[in-house]
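Peer 1: Generate a structure from the sequence data that follows.
(chains A and B)
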Amino acid sequence: DIQMTQSPSSLSASVGDRVTITCRASQSIRSSLNWYQQKPGTAPKLLIYAASSLQRGVSSRFSGSGSGTDFTLTISSLQPEDFATYYCQQSYSTSYTFGQGTKLEIK
Amino acid sequence: QLQLQESGPGLVKPSETLSLTCTVSGGSISITSYYWGWIRQPPGKGLEWIGSIYYSGSTYYNPSLKSRVTISVDTSKNQFSLKLSSVTAADTAVYYCARDNWIDGRVFDYWGQGTLVTVSS
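Peer 2: Numbers count the residues shown, from 1 in each chain, chains lettered A, B, ... in the order given. Okay, the predicted model is just below:
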């Protein structure tokens, strides 16, 4: 299986901050990397697919970049509704794997 | 608007088989380029993909669960189902069904609300 490692595991930030979350794959996954946001008690929501494509209806303050093994999710200016847990997921292999999650908390 | 809804028992005894169904509404399950998947999340933990199925019945599974998992599809009812055998407490989780979109690079773009399944005697 391809292992996905996110950093940091948790992060405290303030409204208006620019935040970056990193995801690293154990082998090259080209651009087959997706990002999800999950709020407590709700299903994950797709934010970014194919490393950098913004899902329809998602705010443009979310952006993704990277290829190969290293990827980033950036939130340009944090809003109160952005405090949540974020997961990356590789779809290069048909045995999909997720990162362990990054919990974004209010400072 | 596509909607997915999980259903099934919320409590399963150890060693028995967990069975869940996902009903898809607002669109057909029999559309090319879309698979349909199951993902689970133990309480307080991360996400684990279980497996996915095409409307034709073609499946692919997480290797770590493959020996215990069966996913099937009923296109006449616009439903797909999960069976997980020989369950233990480690299988306690919220189980989600989701659309596995192969057009946009194999992403889960629509999700059900999830259903908690507890394994306990």
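Peer 1: nearest spatial neighbour of the residue nearest the centre of chain A, skipping sequence neighbours?
Peer 2: By Cα atoms, centre = their mean, the mean C-alpha position of chain A lies nearest to residue A:35, the distance being 3.9 Å. Excluding the flanking residues, the one nearest residue A:35 by Cβ to Cβ, 6 or more residues apart in numbering or on different chains is residue A:48, at 4.1 Å. (Glycine included, C-beta is placed from N, CA and C.)
Peer 1: Check whether that neighbour really touches residue A:63, as I assumed.
Peer 2: Yes - between residue A:48 and residue A:63 a contact is recorded at 7.5 Å, counting by Cβ atoms under 8 Å.
Peer 1: Give me the more crowded residue out of these two.
Peer 2: More crowded of residue A:48 and residue A:63, by other Cβ atoms under 10 Å in any protein chain shown: residue A:48, with 25 against 16.
Peer 1: ok, now which ones touch the residue nearest to the centre of chain A?
Peer 2: A:23, A:46, A:47, A:48, A:49, A:62, A:64, A:73, A:86, A:87, A:88, A:89 (Cβ atoms under 8 Å, 6 or more residues apart in numbering or on different chains).
Peer 1: List the strands paired with the helix or strand harbouring it, with their directions.
Peer 2: Counting by DSSP states H and E, the secondary-structure element that holds residue A:35 is strand A:33-38. Applying DSSP bridges, strand A:33-38 is found paired with strand A:45-49 (antiparallel), strand A:85-90 (antiparallel).
Peer 1: Can you tell me what sits against the shortest one?
Peer 2: Under the criterion Cβ under 8 Å, 6+ apart, residues A:34-38, A:54-55, A:58, A:62-64, A:73, A:86, B:104-105, B:107-109, B:111 lie in contact with strand A:45-49.
Peer 1: Quick one: mean pLDDT for that strand?
Peer 2: The pLDDT scores in strand A:45-49 average 98.
Peer 1: which strands and helices sit next to whatever helix or strand comes next after it?
Peer 2: Remark: after strand A:45-49, the chain's next helix or strand is strand A:53-54, criterion DSSP H and E. Packed against strand A:53-54 by the contact rule (3 or more Cβ pairs under 8 Å, 6 or more residues apart in numbering or on different chains; DSSP states H and E) you find strand A:62-67.
Peer 1: Show me which residues of chain B sit near chain A.
Peer 2: B:46-49, B:60, B:62-64, B:96, B:98, B:104-109, B:111-114 (Cβ under 8 Å from any Cβ of the partner chain).
Peer 1: Tell me who's in contact with residue 5.
Peer 2: Chain wasn't specified; assuming chain A. Here residue A:5 is in contact with A:23, A:24, A:26, A:99, A:100 (criterion: Cβ under 8 Å, 6+ apart).
Peer 1: Chain B, not that one
Peer 2: Residue B:5 neighbours (Cβ under 8 Å, 6+ apart): B:22, B:23, B:25, B:112, B:113.
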